[in-house]
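Colleague: coords below, sequence missing:
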C-alpha cells in the first residue's frame, strides 16, 4: 500500500495526460459514428499524421533559427489541425461518400484500407527524409515542476516532479473538449450536426445541407485528432507511423465505454481508460506479486471493451435504440 500511494500523484498526472489524449481522439470516432454510424478506423492514422506534421514543422522552425516557444506551439497546432482536417474531408469525399448507401461492412473495409495507406505514406516520407521511420521529435517545454512530499492516512507520498509539457497537454486537451462541447450544443452548426445524427433524411427535408454537415464533422474530428497528435509528440517525444493503430483502438474503446455517439461519454471514457492503464502499468507487478508486469497494461482497455459490450452495449452514458425498419 505504501508503495502504491508513494507514486500516486505521478500516476494520476500521467494517467490524466494519457486519458486526455485518448478522450480527444475518441471524440473523432464518436462524432463520425453519431452521424454516419461508421467506425472511422482511419482516425488513428489521422492522429499519427498530425504528430508527424507537427514534428516536421518544429524541425523546420529550428532549421530557420526560430525559437521554440508558445507562439511556435500555437502555430504548429493550428497548421497541423487545418491540414489533418483537410485530409479527413478528403478521405470522407473519396472513400466514404460513394459508399454511404452500401452495406455497413463495405465502408468499414474502406476505412481499414485508408488506415494502411496513411501508415505507409507517412512511413515512406519519414524513411526518405530521415532514413528511419522512428522519429525523435522536438519538445518545447522540458522544465519540471516539483511536487512536494505529503502524507495520507499515515502513509507518506514521495516527492516527484511533473514536466511543463504534461500540464500543457492536459490544459489544451481539456480546452479542446470544452470548446467542442459548446460548439455542438450551443451553435447553429452544432444543432445541424445533432439533427443529421438523429435523422439524416428529415434534416435534409428541413433545409440542412447534409453533405456539408458531414464534411464539417470530418473536418472538426480530424482537426482535433491532428492537434492531439502534436500534443502526443510533445509529451512522448518519439513517434512512428504505427502509433495511431493501438492508440486508435484504445480511443475507440473509450468512445464505446462512454457511449458511442455521446461526446461527453467519450471524454469520460478516455480519461477513465488513461487512468486505469497508467495505474496498471505502475502497480500491476505489486498487486500480482510480480506475476504480471507493466507490459500487460494494454490488456486493460480491451478487457473493459469486452465487459462493456457484454453488460452495457450502449455504454455508460449511451441509450439503447431500436433498429429502424
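Modeller: Okay, I see it. In this text the structure is predicted, and so the values were computed from the model without any measurement. Numbering: from 1, shown residues only.
Colleague: For residue 138, which three-state class applies?
Modeller: Secondary structure, DSSP: H, G, I helix; E, B strand; the rest coil: residue 138 is coil.
Colleague: what's the longest helix in this structure?
Modeller: helix 8-36 (DSSP state H).
Colleague: buried ones in that one?
Modeller: Under the neighbour-count criterion of 16 or more other C-beta atoms under 10 Å, helix 8-36 has 8-11, 13-36 buried. The C-beta positions use only the backbone N, C-alpha and C, and glycine is treated the same way.
Colleague: Mind listing what's buried along stretch 81-97?
Modeller: Under 16+ other C-beta under 10 Å, the buried positions of stretch 81-97 are 81-85, 87-89, 91-92, 95-97.
Colleague: any idea how far residue 73 lies from residue 229?
Modeller: 13 Å (C-beta to C-beta, to the nearest Å).
Colleague: Same drill for these two, tell me which one is more crowded.
Modeller: residue 229 (32 against 20; other C-beta atoms under 10 Å).
Colleague: what ranges do the strands span in this structure?
Modeller: Assigned strands in the chain, in chain order: 135-136, 144-147, 150-152, 155-157, 160-163, 238-239 (criterion: DSSP state E).
Colleague: can you pull the contacts of residue 73?
Modeller: Residue 73 is in contact with 140, 168, 234, counting by C-beta atoms under 8 Å, 6 or more residues apart in numbering.
Colleague: ok, now which ones touch the last one?
Modeller: By C-beta under 8 Å, 6+ apart, the contact set of residue 234 is 54, 73, 137, 139-141, 165, 168-169.
Colleague: Drop anything exposed from the residues you listed.
Modeller: Applying 16+ other C-beta under 10 Å to the contacts of residue 234 flags 54, 73, 137, 139-141, 165, 168-169 as buried.
Colleague: Now render those residues as JSON lines, adding pLDDT and distance to residue 204.
Modeller: Shown next, in JSON lines, are the buried ones among the contacts of residue 234 (pLDDT from 0 to 100; distance: C-beta to C-beta, whole Å):
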{"residue": "54", "pLDDT": "93", "distance to residue 204": "37"}
{"residue": "73", "pLDDT": "91", "distance to residue 204": "41"}
{"residue": "137", "pLDDT": "79", "distance to residue 204": "44"}
{"residue": "139", "pLDDT": "83", "distance to residue 204": "47"}
{"residue": "140", "pLDDT": "84", "distance to residue 204": "45"}
{"residue": "141", "pLDDT": "80", "distance to residue 204": "47"}
{"residue": "165", "pLDDT": "84", "distance to residue 204": "45"}
{"residue": "168", "pLDDT": "88", "distance to residue 204": "42"}
{"residue": "169", "pLDDT": "88", "distance to residue 204": "39"}
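Colleague: Go through these and say which is closest to residue 253.
Modeller: Of all the buried ones among the contacts of residue 234, residue 169 has the smallest distance to residue 253: 20.2 Å, by C-beta to C-beta.
Colleague: one step back: would you turn the buried residues of stretch 81-97 into JSON lines with pLDDT and distance to residue 256?
Modeller: Formatted as JSON lines, these follow (pLDDT from 0 to 100; distance: C-beta to C-beta, whole Å):
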{"residue": "81", "pLDDT": "96", "distance to residue 256": "25"}
{"residue": "82", "pLDDT": "96", "distance to residue 256": "29"}
{"residue": "83", "pLDDT": "96", "distance to residue 256": "28"}
{"residue": "84", "pLDDT": "96", "distance to residue 256": "23"}
{"residue": "85", "pLDDT": "96", "distance to residue 256": "24"}
{"residue": "87", "pLDDT": "95", "distance to residue 256": "24"}
{"residue": "88", "pLDDT": "95", "distance to residue 256": "21"}
{"residue": "89", "pLDDT": "95", "distance to residue 256": "25"}
{"residue": "91", "pLDDT": "94", "distance to residue 256": "22"}
{"residue": "92", "pLDDT": "93", "distance to residue 256": "22"}
{"residue": "95", "pLDDT": "91", "distance to residue 256": "23"}
{"residue": "96", "pLDDT": "91", "distance to residue 256": "20"}
{"residue": "97", "pLDDT": "91", "distance to residue 256": "25"}
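Colleague: Closest to residue 63 out of the residues you listed?
Modeller: Nearest to residue 63 among the buried residues of stretch 81-97: residue 83, at 19.0 Å, using C-beta to C-beta.
Colleague: re earlier: take the buried residues of stretch 81-97 and keep only those in helices.
Modeller: 81-85, 87-89, 91.
Colleague: how about residue 77, what does it touch?
Modeller: With C-beta under 8 Å, 6+ apart, residue 77 has these contacts: 54, 172, 227, 230-231.
Colleague: let's see it at 6 Å
Modeller: Residues counted as contacts of residue 77 (C-beta atoms under 6 Å, 6 or more residues apart in numbering) are 227, 230.
Colleague: Sweet, I'm off.
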